[in-house]
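**Student:** Predicted model follows, preceded by the sequence.
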Amino acid sequence: MTVTSLADARMRGLATWMSLDTGFPRQLDTTTVVDDQPQLHRVRLADHDTVVAQRGDSGPAVLLVHALGLDWQMWEPVMDSLAVGRRVFAYDVRGHGMAAGSPSPYTMADTARDLIGVLDAIGVERAHVVGLSFGGGIAQTAAVAAPERFASLALLATTDVPFDAFEGRASSGETDGMAAQVAPSLTRWFTANALAVNGESVQYARERVLGGNSTDWAAAWRAFKGLDVRGRLAGLGLPTLVLAGEHDVSTTPEIMRGIAARIPGSQFRVLPGTPHMQTLEQPGLVAAALAEFLR
Ligand SMILES: O=C(O)CC1=CCC(=O)O1
């Protein structure tokens, strides 16, 4: 695996990487952003390139896996506080962010191999892995395949079985286009109040969905349709946190409670006032819950 810093990439004249330091982080609430020049590494995986952002340079490693349609920057609101005494990494899942247009179709097993490939690339033997939504599906798939690479598992607003709706979301992207995905997605992801306020996190999510391409969108939903972990969760044997949002209309607290029930010894918590996109609407609650779990 090759890890190349953004500075190296820039020196080599790779124009695509130059756009990385002019992007979203500066638009976020800067109270959660100490350093607005996140360390970004270019990482080559088996069949595509991606980027890994890093905060903190010592301590246990934490790897964050983002939701469908977004990118690593959805973790930006919690990365700095998590990075106190830890090394925190967040990467772009294939078909997302700087890894848009990577080979498709693909499977959840491919995304799990990518996760392990990221760990290899950053030189981390075992990480605390935190996945939200699609990222939780990826984290579960990697955990059942390679539990030895996990120090713990935190599952935020996710599912352990595919929903019937996934194919409809894939085909709607292809037939109706990405603009048509914005309203239904954001309504599932945020509270009505956050949508009315239309703050930077909502704007970020809207821009990412609108700016995405329908091939990547459909490929992700179709990969998610193949999620197949439920029968193997009981044997995981990892310290596990299952974190639900009280107002999550997609992966409801009931769904999340069921996942926790299938993972012996797991901790289950419901964050008050929190919708599906936990880190974007309630970053303080998420950071506190993760910090307590990781402690
Ligand atoms: O509803 C969504 O947009 C995302 C989602 C469905 C199941 C899951 O884990 O995330």
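**Tutor:** Yep, it's here.

**Student:** hey, let's count contacts and neighbours off CA atoms from now on
**Tutor:** Noted.

**Student:** Can you tell me the centre-most residue of the chain?
**Tutor:** Centroid-nearest residue in the chain: residue 66, 0.9 Å away (criterion: CA atoms, centre = their mean).

**Student:** How about it, nearest residue that isn't a chain neighbour?
**Tutor:** Here the nearest residue to residue 66 in space, its sequence neighbours aside, is residue 135; by CA to CA, 6 or more residues apart in numbering that works out to 4.8 Å.

**Student:** count of neighbours near the one you found?
**Tutor:** Residue 135: 27 surrounding residues under other CA atoms under 10 Å.

**Student:** Quick one: classify residue 131 as helix, strand or coil.
**Tutor:** For residue 131, the assignment made with DSSP: H, G, I helix; E, B strand; the rest coil gives strand.

**Student:** how much space between the residue nearest to it when sequence neighbours are not counted and residue 192?
**Tutor:** Once flanking residues are discounted, residue 131 sits nearest to residue 65: 4.6 Å by CA to CA, 6+ apart. Distance of residue 65 to residue 192, given as CA to CA, to the nearest Å: 25 Å.

**Student:** Do you have the helices of the stretch 101-250 of the chain handy? List them.
**Tutor:** Using DSSP state H, counting those that start in this stretch, the helices of the stretch 101-250 of the chain run over residues 108-121, 134-145, 165-176, 179-189, 192-197, 200-211, 214-225.

**Student:** Could you dump those into a markdown table with distance to residue 159 added?
**Tutor:** Converted to a markdown table, those look like this (distance: least, CA to CA, whole Å):
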| stretch | distance to residue 159 |
| --- | --- |
| helix 108-121 | 13 |
| helix 134-145 | 7 |
| helix 165-176 | 12 |
| helix 179-189 | 14 |
| helix 192-197 | 23 |
| helix 200-211 | 20 |
| helix 214-225 | 10 |
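
**Student:** contacting residues for the residue nearest to residue 66?
**Tutor:** Taking CA atoms under 8 Å, 6 or more residues apart in numbering, we find residue 135 in contact with 65-68, 158.

**Student:** cool, residue 87 as well?
**Tutor:** Applying CA under 8 Å, 6+ apart, we find residue 87 in contact with 54-62.

**Student:** how about it, phi and psi?
**Tutor:** When read as degrees, to the nearest 10, the backbone of residue 87 gives phi -100, psi 120.

**Student:** Name whatever forms a beta bridge with it.
**Tutor:** Beta-bridge pairing of residue 87 under DSSP bridges involves residue 61.

**Student:** gap between it and the ligand?
**Tutor:** Residue 87 sits 26 Å away from the ligand, going by CA to the nearest ligand atom, to the nearest Å.

**Student:** And residue 113, by the same measure?
**Tutor:** Separation of residue 113 from the ligand (CA to the nearest ligand atom): 19 Å.

**Student:** mind listing what that residue touches?
**Tutor:** Contacts for residue 113 (CA under 8 Å, 6+ apart) come out as residue 142.

**Student:** Per-residue pLDDT of it, please?
**Tutor:** pLDDT recorded at residue 113 is 98.

**Student:** Likewise for residue 40?
**Tutor:** According to the prediction, residue 40 has pLDDT 89.

**Student:** these two touch, right, it and residue 51?
**Tutor:** Yes: with contact defined as CA atoms under 8 Å, residue 40 reaches residue 51; the gap is 6.5 Å.
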